[in-house]
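>>> here you go, sequence then predicted model.
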Amino acid sequence: MRKYLLILLPCILLACDKPEAIVPIAQFNISQTSGDTYTIFEFNADESTDPDGSDSLLKYRWDWESDGIFDALYDYNPINRHQFSSEGQYTITMQVRNPSGLSASSRKTISVSRGSIA
């Protein structure tokens with residue numbers, strides 16, 4: 001018991017803490033920035049990184065209208081596909097979370113026109 005007390009005592013006196021976790025860096029690409037209501041857009045957040053070195057443990061979620069309501073739960077897959085049913089400008093938000101629970105977001109805008117059957 002004395003060995004453990006001697007090891008812990010310096011940390012107690014010096015207020016030893018775990019290093020602070022660092023917020024991840026959120027980045028994503030879109031297969032194309034414009035299309036129509038028949039276009040299936042591909043969103044790839046694979047370039048998001050975790051400065052703590054846990055890139056493979058990052059989780060991602062998406063908000064297709066940037067209305068603050070995420071349309072998908074967190075998932076380990078950085079790639080997602082989505083088709084928009086109405087024409088308009090859409091700002092997409094991707095949020096990435098690291099194992100420490102810290103998160104970061106990135107936004108991009110796309111343009112969707114009305115599709116027509118050829």
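In hand now; what should we look at?

>>> distance check, the most centrally placed residue in the chain against I30.
Centroid-nearest residue in the chain, with Cα atoms, centre = their mean: V96, separated by 2.0 Å. For V96, the distance to I30 (Cβ to Cβ, to the nearest Å) stands at 16 Å. For glycine as for every other residue, the C-beta is placed from the backbone atoms N, C-alpha and C.

>>> one step back: tell me the spacing between the residue nearest to the centre of the chain and D50.
In terms of Cβ to Cβ, V96 sits 8 Å off from D50.

>>> the residue nearest to the centre of the chain belongs to a strand?
Yes: the assignment for V96 by DSSP: H, G, I helix; E, B strand; the rest coil puts it in a strand.

>>> can you name the residues bridging to it?
Y60, A104 (DSSP bridges).

>>> that one touches E47, doesn't it?
No: with contact defined as Cβ atoms under 8 Å, V96 does not count as touching E47 (10.3 Å).

>>> okay, M1: pLDDT?
What the model reports for M1 is a pLDDT of 48.

>>> which non-adjacent residue is nearest V112?
F84 (4.6 Å; Cβ to Cβ, 6 or more residues apart in numbering).

>>> residue contacts, that neighbour?
T37, T39, F41, W64, Y90, V112 (Cβ atoms under 8 Å, 6 or more residues apart in numbering).

>>> how near is it to A26?
21 Å.

>>> the helices in this structure, which residues?
2-14 (DSSP state H).

>>> where in it is pLDDT low?
Where the chain drops to pLDDT under 70, the residues are 1-18, 118.
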